[in-house]
Structures are given as structure tokens and as C-alpha cells.
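# Structural data only, the sequence is not supplied:
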């Protein structure tokens, strides 16, 4: 009996390392499962939205069309992307908007009818449910040269280059506060915002209206300004089923000339026809005495393709 008990004890002791190994393996497998489960959970701190598409306008008239008209075709392309990170009281929003379009009228060379590059990055730290401290950096420029088209007394058409890539470009750095009462609207106030107006082409001033050169001194490429106040208001909401309204308003009151504050409004109304088609109306209003003493406006209506992801 004693021999039997001794042999059982020896067997149990010799098996202990094996049990310990099995426990270690099971613990390792469990830890791997936990890590895999955590990686499988989607990171909700980031929200991203991307859209791109094309708009097409076309008009054709017969040779005997008594109402008058010119055959034309216009094509526009756009790409927009927004990425926003939010965790606790901190958030970081990046917004890229690009547009480019050309129009071809019968008897004329193709001309661009829309051209815009806009990028804005903003860091926010919330200090109350609706208010935040912010720091922003944004850029506004265009892709291609722009021209003014004129006719000589003998009827010949001429063109003058008045803009181009980074001619002009506007770069603005600002610190301030932001009021955001609802997810689709905010307004920010930035005293002391700094803006650089860049005209990379030093010879461009010759063709600009009244040789204003967008406010940049002739012979230089950069003009620096400091604002008494910069105000930015942004709205982006579906105002009806499949109908979205967006607008961004900017007011920049420079210390150099408080009487003539710069104003710019970009607005668009988009109606979704189906998953891939929409109707889009865009409008831009600008009042900037460094460009013109009159209000500038541009408007377009288009039907096109859009893809979002």
C-alpha cells in the first residue's frame, strides 16, 4: 500500500510541469483574443467624409434658331474631404475643398469657369458645452491661370493674364474662440489674425485691374496683414430630405484699413436625385478693395455625378 501511494505521488509531481505549461498556453491564447478584440473595435475618435464628382452642362441650337444662342459645353470636377478627430475636450478638424471647370462656347477657345483650392485645419479645446478655444491655419488659391478677355476696336479677341497658381494665395493663421450651439453650425472670433497675401508672379500687376496686384506692393511677392478681428461662420446641414445647404462666410478687418473690411461668402445648395446624381447650385460673393471696389459675384447651376465614401 505504501509503495502504491509513493508511486502515485511521484506520478503527480512529474505531471505538474505539464499542467503548468498548459495553463501558460491557455493564458497566452486568452491574451491574444483580448488584443484581437480590442483591435476589431472601430476607432470612433475619427470621422471622415470624402466626395468627388463631375458636372456637365451642354446646350445646342439649330442654325435657324430665331431666339438666339451659342452652342456650348461645360465640364466641372470637384473633390472634397473632411477628417475630424474628437476625444474628450480636444478636437482637430481638416477640411479640403477643390473645384475646377472649363466651358467651351462655339467660336471660342475653352475657358475656365470655376477654380478653387481651399484647405483649413483647426484645433479646438472645449471649455464649455458650446464654446472652445481654437487655433486655425487655412489656405485659399487656385490651380490654373485666369484671364480677362477683351476685344480690340477691329474685333479681335485678346486676353490678359490676371491670376495663377499662388497668384494670389491667401494664408491665414488665427487664435480665438468658437461658438458651436449645434453640430451643423459654428461661428469663430479671432482678434489679431495674421494673413499673408502671396502673388508669386511679380509681373502680374501689369494686367490686374488698376494694377492693384491684390494689395501686394509691386515688386514684392508677399504682403502681411494683422486683423483687428476675423469672423468665420460655417453652416452645413440637410435642410430637407436629400437637400443640403452649405455656406462659409469670412470677414477680415485689417488694421491697415478698417473702413474697407474684406468679405467673402461661399454657398452651395445640392439636391440629390439618386445615389450617384445631383443638382448643384453654387454662388460666391466677394468684397475686397484690394481686388475691386465693386462687389464680385459668381454663380453656377449644374447636374452631375457624385460619389461619397
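Sure, I can see it. Keep in mind that what you see is a predicted model, and the values were worked out from it rather than measured.
# Residues in a beta bridge with the residue nearest to residue 249 when sequence neighbours are not counted, which ones?
Closest residue to residue 249 apart from its sequence neighbours, by C-beta to C-beta, 6 or more residues apart in numbering: residue 233 at 4.5 Å. Where C-beta positions appear, they are placed from N, C-alpha and C, glycine not excepted. Beta-bridge pairing for residue 233 (DSSP bridges): residue 187, residue 249.
# One more: the one 10 residues further on?
Applying DSSP bridges to residue 243 yields these beta-bridge partners: residue 240, residue 271.
# That one against residue 278, yeah?
No: applying C-beta atoms under 8 Å, one finds residue 243 not in contact with residue 278, separated by 9.8 Å.
# circling back to that earlier point, quick one, what contacts the residue nearest to residue 249?
Contact analysis of residue 233 by C-beta atoms under 8 Å, 6 or more residues apart in numbering lists 185, 186, 187, 188, 247, 248, 249.
# Quick one, grab the pLDDT at it.
Per-residue confidence (pLDDT) for residue 233: 98.
# Please apply the same query to residue 164.
Residue 164 is assigned 95 on the pLDDT scale.
# In contact with it, which residues?
Going by C-beta under 8 Å, 6+ apart, residue 164 touches 142, 144, 145, 146, 200, 201, 204.
# Likewise for residue 239?
residue 245.
# now residue 269
By C-beta under 8 Å, 6+ apart, residue 269 lies in contact with 243, 244, 245, 246, 280, 281, 282.
# Which positions within stretch 167-178 qualify as buried?
Residues 167, 168, 169, 170, 171, 172, 174, 176, 178 are the ones in stretch 167-178 that count as buried (16 or more other C-beta atoms under 10 Å).
# Hmm, residue 134 and the last one touching each other?
Yes: using C-beta under 8 Å, residue 178 is in contact with residue 134, at 4.8 Å.
# residues bridging contact with these two, i.e. touching both?
Going by C-beta under 8 Å, 6+ apart, residues that sit against residue 178 and also against residue 134 are 124, 188.
# neighbour-wise, which of residue 243 and residue 278 wins?
Shown here are residue 243 and residue 278; by other C-beta atoms under 10 Å, residue 278 has more neighbours (20 against 14).
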